[in-house]
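*Asks:* quick one, structure for this:
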Amino acid sequence: MRLDKFLKVSRIIKRRTLSKEISESSRVKVNGKIAKPSTKLKIGDVIEVEFGRSILTVKVKELREHVLKDDSSMLYEILEEKRKEEVYSD
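*Replies:* You can find the predicted model right below:
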């Protein structure tokens with residue numbers, strides 16, 4: 001499954017166009033490497049998404065084309081969620 005579609009289906013990012021824009025602006029990494037929206041994901045991949053003031057790191061648990069809103073969190077496991085200030089203070 002494409003990275004931009006996974007971010008939308010999992011509801012990490014609400015709209016696919018927004019997930020595509022964020023990926024194109026080098027704010028998403030897959031397994032430590034900057035990823036494009038078309039990057040193919042597989043189960044076990046680690047995704048790091050840089051939002052405004054925070055960084056969310058998740059692990060892909062399941063890949064599905066369609067999922068109900070309540071079940072979307074089953075697709076990933078949150079590994080870490082930190083504010084950018086914490087990143088630069090290390």
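*Asks:* how many neighbours does residue 49 have?
*Replies:* The local packing of residue 49 (other CB atoms under 10 Å) involves 20 other residues. Glycine gets a C-beta too; all of them are placed from N, C-alpha and C.
*Asks:* wait, what's in contact with the residue nearest to it when sequence neighbours are not counted?
*Replies:* In this structure, residue 49 finds its nearest non-sequential neighbour in residue 56, 4.9 Å apart by CB to CB, 6 or more residues apart in numbering. Contacts were defined as CB atoms under 8 Å, 6 or more residues apart in numbering; by that measure residue 56 touches 12, 48-49, 78, 80-81.
*Asks:* mind giving me the PyMOL select for those residues, buried ones only?
*Replies:* Buried subset of these, written as a PyMOL selection, criterion 16 or more other CB atoms under 10 Å:
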select buried, resi 12+48+49
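*Asks:* which two among the contacts of residue 56 are spaced furthest apart?
*Replies:* Spatially, the most separated pair among the contacts of residue 56 is 12 and 80, at 13.6 Å (CB to CB).
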